[in-house]
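Colleague: sharing a model prediction with you, sequence too.
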Amino acid sequence: MKLVRCYINPDKLASLKEALFAQGVPGMSATEIMGIGKPMSQLERFMAKGHSAPDFYSKFQVDIVLEDDQVEELLETICKVCFTGALGDGKIFVLPVEEAVRIRTGERGHKALY
């Protein structure tokens, strides 16, 4: 299993949710966050000119746990839905998940996801 964590623009959340459920994703969590993300070379030039650190921007963190063989299709969907071509479109991280447990039933692994 994998945890796919993406940081996206708030105006993309509703369309991403629709696309992921249409794809059959078992569930997701979304958290409103603030973030800064600039390539370090840009940040160093920015600070060298006497500017203070850049401002935070409103983003959503979306977390999805799913089977390994579903990850590539999920990544393609996220990129397609959230792409604008502008700085700040977001980032996606894929992390291993060792176990999943449904608290209500005690089901583990794949069964806990669906």
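Modeller: Thanks, I have the structure now.
Colleague: okay, now the unreliable bits of this structure?
Modeller: For the chain, the stretches flagged by pLDDT under 70 are 38-43, 45-47, 51-53.
Colleague: looking at it, which strand is longest?
Modeller: When the chain is parsed with DSSP state E, its longest strand is strand 57-66.
Colleague: which secondary structure elements does it sit against?
Modeller: Helices and strands touching strand 57-66, by 3 or more CB pairs under 8 Å, 6 or more residues apart in numbering; DSSP states H and E, are strand 2-8, helix 13-23, strand 29-35. Glycine gets a C-beta too; all of them are placed from N, C-alpha and C.
Colleague: change it to 6 Å
Modeller: For strand 57-66, the packing partners by 3 or more CB pairs under 6 Å, 6 or more residues apart in numbering; DSSP states H and E come out as strand 2-8, strand 29-35.
Colleague: Glu73: which of those is closest?
Modeller: With CB to CB as the criterion, Glu73 lies closest to strand 2-8 of the helices and strands packed on strand 57-66, at 10.9 Å.
Colleague: would you mark the buried spots in that closest one?
Modeller: 2, 4-8 (16 or more other CB atoms under 10 Å).
Colleague: next one: stretch 29-38
Modeller: Buried, per 16+ other CB under 10 Å, within stretch 29-38: Ala30.
Colleague: who's in contact with it?
Modeller: Contacts with stretch 29-38, where a contact means CB atoms under 6 Å, 6 or more residues apart in numbering, come from 54, 56, 59-63.
Colleague: how far is that stretch from where the chain is centred?
Modeller: Distance, stretch centre to chain centre, for stretch 29-38: 9 Å (CA atoms, centre = their mean, to the nearest Å).
Colleague: okay, now the closest residue to Leu13 other than its chain neighbours: neighbour count?
Modeller: Among residues not flanking Leu13 along the chain, Phe60 sits closest, at 5.1 Å (CB to CB, 6 or more residues apart in numbering). Phe60 has 19 neighbouring residues, counting by other CB atoms under 10 Å.
Colleague: appreciated, that's everything.
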